[in-house]
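[1] coordinates for the following, if possible.
(chains A, B, C and D)
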Number of protein chains: 2
Amino acid sequence: MPTIRDVATRAGVHPSTVSRVFTGKTQISEVTRVRVLAAADALGFQPNAVARSLSMQRTNMIAVVVPHAFDGYFEDSYFPEVMRGVLRSAYKHEYRVLVGGSSGRADEIVQLFDIVGSRQADGILVLSNRLDVDIVGALCNQNIPFVLMGKPTPEYEEVAWVDSNDAAYTGQVVDYLIGLGHRRIAYVGGDPDVLVTKERQRGYCEAMARAGIEIVPEWIDYGFFVEDGGYQAVQRMRRLNGDAPTAYYAANDLMALGILRALREQGIDVPGEISVVGTNGSLISAHSHPPLTTLHVPYADMTAKATSILLQSIHTGDMPKAQHTIDCQLIIRESTGPAITM
Amino acid sequence: MPTIRDVATRAGVHPSTVSRVFTGKTQISEVTRVRVLAAADALGFQPNAVARSLSMQRTNMIAVVVPHAFDGYFEDSYFPEVMRGVLRSAYKHEYRVLVGGSSGRADEIVQLFDIVGSRQADGILVLSNRLDVDIVGALCNQNIPFVLMGKPTPEYEEVAWVDSNDAAYTGQVVDYLIGLGHRRIAYVGGDPDVLVTKERQRGYCEAMARAGIEIVPEWIDYGFFVEDGGYQAVQRMRRLNGDAPTAYYAANDLMALGILRALREQGIDVPGEISVVGTNGSLISAHSHPPLTTLHVPYADMTAKATSILLQSIHTGDMPKAQHTIDCQLIIRESTGPAITM
DNA sequence: CTGAAAGCGCTTACAG
DNA sequence: CTGAAAGCGCTTACAG
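    The predicted structure follows:
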């Protein structure tokens, strides 16, 4: 690989001059510019990104780490939507995205701090709504820009985040089901340790309380965001007989699909006998049978926004502080209907 | 950020010694090792990845570039499956994945050569089955390890690739439909310029020819891999009246879903009147109405394999040469049935 | 506008 | 086992 020195000798200039024509921030006489470019072209020279990064103290990369341990992670629309949003913003600012894998939640934190600590990227997007521990404090000490997907605990309210108000919107879904006459409503969350699961559960509980409905503990279950998790939740809840739910809220569409499958197998009509609501508004929700009523969460917009905030702060040099709440939307389709009177 | 020098002074050793304890390839006396580690710990030191990369001439990253310009790209299972496979292999070898965005096909090539030319990664996975131009020659000149997803043209047969034998398997699907009594079979490809579209079309044409069926030109159409593309293809083909297809093969499940939607709107029964086959075997195909017969392509396994080959060759230092063909599988569900006699 | 030099933060042959 | 030095390939104040 030719370096800047090779180009310099061929063009008969100093290496620093070659550097200047490639960085382009400084005045260069047209004649040497042309000469340098010609030499570079002849040699097939392109500046080495790593050397430039070291010198400029900037990698032009932002990082995101992903727990590829969970099967459902790549089946759910969450991951592709996150990537879509990140890439949309990053590409616009000529940044690239560094994605690190991990083998589960604990390792996700390890990988995250590895990237951050070794300064492998200029900033990091933290998928904290799918995380179970509070890492904000530790992250602040690292003194690297980061933005959270999901609101942090009150003590860290000054850090940057983008949130989708999960508790409130889940509460709205429950209100909607109650409005339909349902009272025995199930909550099927994802991984129980994860922020988004807890938030949605809180919203569910609050909405039930507002309506004066006492929650049977068995109505709360976890499907770990996978299709079969929804399926299993139904198996468990059907054993409640008279207490069995007439409506299910699932924290993603995958689990809702599993719920539909379980119900179909038992010959139960949706929405005739039981209503089902999913979350995310993934493409799949529109094509299931019946088409799923779902709480649409615009994850791509969320992460695009988060990424913008991140890049902005990398650009200015101070820690990101912007905070942003995005709106979700209940898409009513054919999997929900009035509760039957028993 | 503390550097290796800070640690060295605090531990009372030479910087090179600090480096040695962190690289761990060399003998270090236990006492200085402990002293250095203590100093590093006290300062919160972690080696700078960029500096290390420059020095070692290795980034520990592999790259993949993705055209985020196409809406369907993140809705289809292709992208998440590719990432799942790449991450699976990369993580195992402690590599990270650099993903570059691009705004369309031409730019995809630009971004790819930018990454490669600036040595931003140690190797690159080229999603060539979704590419329309031949870049292998240019890539070879760059002298960086790469592996192709999709077999190259015969002149480059010595480069490394992993292929899914698209023509053969699509032919098999067509054989299956012909076996069911269908003769008016439609081919709905993705982007017409892209390798996988051409290959599948070739397989389709060959299978039809083998059966002695003359293809009506209108039976071949393109849906650009998006749901609405499948929908529109049906709209066009229904105008053929007596020549209208009784079976549709779509090059991904998304388009097959669009086909189902169009047919449903027209009150046409699937598979009673018309059969539909999708491709990829995405989760969505199992939950559509009716559940989709689909050609499962194990993209995650493919890319995991490709990534292994890539990492292997980065490790040994010579250009990758391994070539691998993976098997696909026709999953028969409820969207296909015997042709009705007219 | 351009050259010469120092520096970014590591690694690693070379001595000892 | 450890130190001193050179080098990885750039960028950028500092002179002129």
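
[2] for chain B, what is the nearest residue in the stretch 101-250 of chain A?
    residue A:101 (3.3 Å; Cβ to the nearest Cβ). Where C-beta positions appear, they are placed from N, C-alpha and C, glycine not excepted.

[3] list the contacts for that residue?
    A:65, A:66, A:67, A:68, A:111, B:87, B:88, B:90, B:91, B:96, B:97 (Cβ atoms under 8 Å, 6 or more residues apart in numbering or on different chains).

[4] do that again at 7 Å, thanks
    Going by Cβ atoms under 7 Å, 6 or more residues apart in numbering or on different chains, residue A:101 touches A:66, A:68, B:87, B:90, B:91.

[5] does the third one belong to a helix, a strand or coil?
    Applying DSSP: H, G, I helix; E, B strand; the rest coil to residue B:87 yields a three-state assignment of helix.

[6] which pLDDT value belongs to the closest residue to it other than its chain neighbours?
    Once flanking residues are discounted, residue B:87 sits nearest to residue A:101: 4.0 Å by Cβ to Cβ, 6 or more residues apart in numbering or on different chains. Listed pLDDT for residue A:101 reads 91.

[7] again, but for the one 10 residues further on
    Note for residue A:111: predicted pLDDT of 95.

[8] right, and it touches residue A:104 too?
    No - at 10.4 Å, residue A:111 does not count as touching residue A:104 under the criterion of Cβ atoms under 7 Å.

[9] and stretch A:2-12, what's buried?
    A:4, A:6, A:7, A:8, A:10, A:11 (16 or more other Cβ atoms under 10 Å in any protein chain shown).

[10] from those, which are also near DNA strand D?
    By Cβ under 7 Å from any atom of the strand, the members of the buried residues of stretch A:2-12 lying near DNA strand D are residue A:4.

[11] of all the contacts of residue A:101, which comes closest to residue A:279?
    residue A:66 (19.7 Å; Cβ to Cβ).

[12] follow-up on the earlier one: most neighbours, which of the contacts of residue A:101?
    Neighbour counts for the contacts of residue A:101, by other Cβ atoms under 10 Å in any protein chain shown, peak at residue B:90, which reaches 29 neighbours.

[13] between whichever helix or strand that residue is part of and helix A:78-92, how big is the angle?
    Taking DSSP states H and E as the definition, residue B:90 sits inside helix B:78-92. With axes from the mean of the first three to the mean of the last three Cα atoms, to 10 degrees defining the directions, helix B:78-92 sits at 90 degrees from helix A:78-92.

[14] buried residues, helix B:78-92. List them.
    Buried, per 16+ other Cβ under 10 Å, within helix B:78-92: B:78-91.

[15] same question for stretch A:104-122.
    Neighbour-count burial for stretch A:104-122 [16+ other Cβ under 10 Å]: A:105, A:107-109, A:111-122.

[16] same question, stretch A:203-222
    A:203, A:204, A:205, A:207, A:208, A:213, A:219, A:220, A:221, A:222.

[17] stretch A:143-152 too?
    So, applying 16+ other Cβ under 10 Å, buried residues of stretch A:143-152: A:144, A:145, A:146, A:147, A:148, A:149, A:150, A:151, A:152.

[18] off-centre distance for the helix or strand containing residue A:199?
    Following DSSP H and E, the helix or strand that holds residue A:199 is helix A:195-210. The chain centroid and the centroid of helix A:195-210 are separated by 20 Å, computed with Cα atoms, centre = their mean, to the nearest Å.

[19] that helix - what's its average pLDDT?
    97.

[20] quick one, it and helix A:78-92 angle?
    Going by the same axes, to 10 degrees, helix A:195-210 makes 120 degrees with helix A:78-92.

[21] dig out what residue A:293 forms beta bridges with.
    residue A:277 (DSSP bridges).

[22] closest residue of the stretch 151-300 of chain A to DNA strand D?
    residue A:160 (25.7 Å; Cβ to the nearest atom of the strand).

[23] coming back round to it: show me what the helix holding residue B:90 is packed up against.
    Helices and strands touching helix B:78-92, as assessed by 3 or more Cβ pairs under 7 Å, 6 or more residues apart in numbering or on different chains; DSSP states H and E, comprise helix A:78-92, strand B:61-67, strand B:96-102, helix B:299-316.

[24] any chance of JSON lines for those, columns distance to residue B:27?
    Output for these, formatted as JSON lines (distance: least, Cβ to Cβ, whole Å):
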{"stretch": "helix A:78-92", "distance to residue B:27": "43"}
{"stretch": "strand B:61-67", "distance to residue B:27": "30"}
{"stretch": "strand B:96-102", "distance to residue B:27": "29"}
{"stretch": "helix B:299-316", "distance to residue B:27": "24"}
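
[25] hang on, the earlier thing: how many residues are close by the residue of the stretch 151-300 of chain A closest to DNA strand D?
    For residue A:160, the count of nearby residues is 21 (other Cβ under 10 Å).

[26] find me the pLDDT at it, would you?
    Looking at residue A:160, the pLDDT reads 93.
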